[in-house]
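Novice: Structure here, sequence nowhere to be found:
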């Protein structure tokens, strides 16, 4: 008897980093950039209202006194919301959603809007430990299946000089990344150590994602 056919796979994100990580798993997929649909011209990571069991406009996670825990809950919720937005457009497919939030000093850092904001974020991270929460969700609507998970990784930067920060900002690399840096890019030289899932910091934790995909009937090589 032949093995069952793996369903089509959709990545509900326009992030080139997430797409590259999926390709590492040997998977074929199409991209559905949820931000373009759910938030108009806003950035891909803009919050979107979930659909599905909670209904459009369902509330997000409850407030928490633990900023890292709250960021993890929100990243997980947003990942699920994004997958739910894309899923109705791809009947029969398995849809992946993801969201990444960087937390330092109890505050969340999004994508910097300009060079000054990018430099400010890097000054906040310099010589300190911050946390990166990445939520993932897998939706297979035909099975009424919705799975999600989240990873939290502690990242420590060595002290950065003003010259290093200015040079990094000038590369343009910070502007499409939460926290204003890419660990897989030139900012790798800023990282003193990490505790947790490296791929979660990049934007898509592969080990937990593979487990969710297998539960949704996707063959992961």
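Specialist: Here it is on my side, so go on. Since this is a predicted model, take the numbers as computed values, not measurements.
Novice: For residue 198, list the residues it contacts.
Specialist: Contact analysis of residue 198 by Cβ atoms under 8 Å, 6 or more residues apart in numbering lists 153, 183. C-beta here means a position set from N, CA and C on the backbone, and glycine is covered the same way.
Novice: Distance check, it against residue 209.
Specialist: Going from residue 198 to residue 209 by Cβ to Cβ, to the nearest Å gives 13 Å.
Novice: for residue 71, same thing?
Specialist: Look at residue 71 and residue 209: by Cβ to Cβ, they are 19 Å apart.
Novice: Could you do residue 88 as well?
Specialist: Shown here: residue 88 relative to residue 209, a distance of 22 Å by Cβ to Cβ.
Novice: which of those two has more neighbours?
Specialist: It is residue 209, of residue 88 and residue 209, that has more neighbours when counted by other Cβ atoms under 10 Å, with 28 against 12.
Novice: what's the model's confidence in whatever helix or strand the more buried one lives in, averaged?
Specialist: Per DSSP states H and E, residue 209 falls inside helix 206-215. The average pLDDT within helix 206-215 is 97.
Novice: Next: stretch 78-95.
Specialist: Here the average pLDDT along stretch 78-95 is 96.
Novice: any idea how far it is from the chain center?
Specialist: Relative to its chain's centre, stretch 78-95 lies at 15 Å (Cα atoms, centre = their mean, to the nearest Å).
Novice: Could you tell me the end-to-end distance of it?
Specialist: 14 Å (Cα to Cα, to the nearest Å).
Novice: can you check stretch 133-153 too?
Specialist: Counting by Cα to Cα, you get 7 Å between the two ends of stretch 133-153.
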